[in-house]
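Participant: have a look at this prediction, sequence included:
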Amino acid sequence: METTDLTIRAFRPDDRAAVTALWRASGLVLPHNDPDADLARAADQANSDILLGLLSDGTVAASVMVGHDGHRGWLYYVAVAANARGRGHGRAIVAAAEDWLRTRGIPKAQLMIRDTNTGVRDFYAGLGWNEAPRIVMERWL
């Protein structure tokens, strides 16, 4: 999939530094997140992967971690570099994740937005995503 200057492909080990830098610059890494561990758990697995959007010069401009449990798909680490926004790259990377799930027969995709990340709610609504009132509970193991 391409936008005007974006090619989407799967993560490769030599992308690690660029991807973690994008995630940090986008405010997606918190003290309890270990992006390297998340990359190791999700990259090139049977039920998950990390998709990257690259500019024509090879710069990583967008990312999404996508996975599923056999029933529902999940999107994580959706990011577009600040200097690459406004060109459809966010739409393209989300569409690539949706396609990844669709080809695996997964009928539903979900994502979570931190309540402090208010700027992206309208972005996802514009892509046809709906807010689902849920209580998410967690337990660290």
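Facilitator: Structure received. Computed from a prediction, not measured in an experiment: that's the story for all the values here.

Participant: so which residues of the protein form strands?
Facilitator: Using DSSP state E, the strands found in the chain span residues 6-10, 48-55, 60-68, 72-80, 108-111.

Participant: Ala132 and Ala97, how far apart?
Facilitator: 17 Å (C-beta to C-beta, to the nearest Å). All C-beta atoms are positioned from the backbone trio N, CA, C, and that covers glycine.

Participant: which of the two has more neighbours?
Facilitator: Ala97 (26 against 7; other C-beta atoms under 10 Å).

Participant: thinking again about what came up before, tabulate the strands of the chain (TSV), appending mean pLDDT.
Facilitator: Output for the strands of the chain, formatted as TSV (pLDDT from 0 to 100):
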stretch	mean pLDDT
strand 6-10	96
strand 48-55	97
strand 60-68	98
strand 72-80	96
strand 108-111	94
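
Participant: buried deepest among those strands, which one?
Facilitator: When you average the neighbours per residue for each of the strands of the chain (mean count of other C-beta atoms under 10 Å), strand 60-68 leads with a mean of 25.

Participant: and the worst-scoring helix or strand of the chain on mean pLDDT, how far from the chain's centre?
Facilitator: For the chain, using mean pLDDT, DSSP states H and E, the weakest element among its helices and strands is helix 121-126, scoring a mean of 90. Offset of helix 121-126 from its chain centre (C-alpha atoms, centre = their mean, to the nearest Å): 15 Å.
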